[in-house]
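Novice: Quick one, structure for this:
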Amino acid sequence: QVQLVESGGGLVQAGGSLRLSCAASGRTFSSYAYAIGWFRQAPGKEREFVAAITWSLGSTYYADSVKGRFTISRDNAKNMVHLQMNSLKPEDTSVYYCATHGGRGDVVTDRRYNSWGQGTQVTVSS
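Specialist: Residues are numbered from 1 along each chain as shown. The predicted structure is shown next:
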C-alpha cells in the first residue's frame, strides 16, 4: 500500500518562503502515478487545487492564485515531489496535501486523485 507523507510546513511571515515535500513509501511514483498534485484546505473552505506535475514528462500546472509564486518539481532519484512557495500571503494559510493522480481526467479535480497524505500545516502571518 502506498503511503504519502508531507513535510516542510510551518509558520512564516508574509513575504516569506517555505518548501513542502511529498514522499512516497511502498511504491515509486514512476510505477503508478500519472501525476502528483498539491491541494490545500483552509478551515471552513473546500479543498482547492494548488499545483500538479506529471511524473513522466514533468508538465506543470498551477492555480491562478499561486502562479508565479509557487513552483512544483519532482526528484526522480529520491521519489519525492516538492512545492517551493515564495512570496507567501496570509491567504495561503491552509493544510497542504499531496496526492497521486490515477491517470484519467484533468489534474485539477481532487476526485481524480486516489492516494492522499495526511497534510502539513502552513500558516502565514501578516
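
Novice: what's the spacing between Pro43 and Asp106?
Specialist: 26 Å (C-beta to C-beta, to the nearest Å). Placement of C-beta: from N, CA and C, glycine included.

Novice: what's the answer for Phe39, then?
Specialist: 13 Å.

Novice: Can you list the low-confidence ranges for this protein?
Specialist: Scanning the chain for pLDDT under 70 picks out 1.

Novice: out of Phe39 and Asp106, which sits in the busier spot?
Specialist: Legend: neighbour count by other C-beta atoms under 10 Å for Phe39 and Asp106, higher for Phe39 (24 against 11).

Novice: What helices and strands are in contact with the helix or strand containing the more buried one?
Specialist: Phe39 belongs to strand 35-41 when assigned by DSSP states H and E. Counting contacts by 3 or more C-beta pairs under 8 Å, 6 or more residues apart in numbering; DSSP states H and E, strand 35-41 packs against strand 18-25, strand 48-54, strand 80-85, strand 94-101.

Novice: number of nearby residues for Asp75?
Specialist: The burial count for Asp75: 12, using other C-beta under 10 Å.

Novice: what pairs with the most centrally placed residue in the chain across the strands?
Specialist: The centroid of the chain falls nearest to Trp38 when counting by C-alpha atoms, centre = their mean (2.2 Å). According to DSSP bridges, the residues that bridge with Trp38 are Ala51, Cys98.

Novice: start the count at 313, not 1, going forward
Specialist: All right, first residue 313 from here; so that's Trp350.
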